[in-house]
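Visitor: here is my input; please provide its structure:
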Amino acid sequence: MLVLVLVLWLLRWLLFRLEFGAGLIKLRGDPCWRNPACLHYHHETQPLPGPLSWFFHHLPGPVHRVEVAANHVAQLVVPFALFTPQAPSPG
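Guide: Numbering: from 1, shown residues only. This is a model prediction of the structure:
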């Protein structure tokens, strides 16, 4: 049981480091990510565009600003929830 708990905490730590690190490198690395319109450029130049890339690239500017803000929240705030108490699964 102790080993299982330790493994779960280590997996949470790994996931936290991956997500939080990706968010930090966006802010510290490319100045584009400090600009709320960065996703306009990102959708245009991503290395493996998907079938919806053209659509997302042509979304209005305010939508791109919301996308950038949501990305920063998802990668810099939400990972801390990995360390909050988790409800046990039923059964």
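
Visitor: elements contacting whatever helix or strand residue 73 lives in?
Guide: Following DSSP states H and E, one finds residue 73 within helix 61-76. Packed against helix 61-76, as judged by 3 or more CB pairs under 8 Å, 6 or more residues apart in numbering; DSSP states H and E, are the following elements: helix 2-28, helix 38-45. For glycine as for every other residue, the C-beta is placed from the backbone atoms N, C-alpha and C.

Visitor: so what touches stretch 69-88?
Guide: 12, 15-16, 19-20, 22-24, 26-27, 36, 39 (CB atoms under 8 Å, 6 or more residues apart in numbering).

Visitor: take these and lay them out in TSV including pLDDT.
Guide: Putting the contacts of stretch 69-88 into TSV (pLDDT from 0 to 100) gives the following:
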residue	pLDDT
12	95
15	97
16	97
19	96
20	96
22	93
23	93
24	94
26	88
27	88
36	79
39	80
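
Visitor: which of these sit farthest apart?
Guide: Greatest spatial distance among those (CB to CB): 12 and 36, at 30.5 Å.
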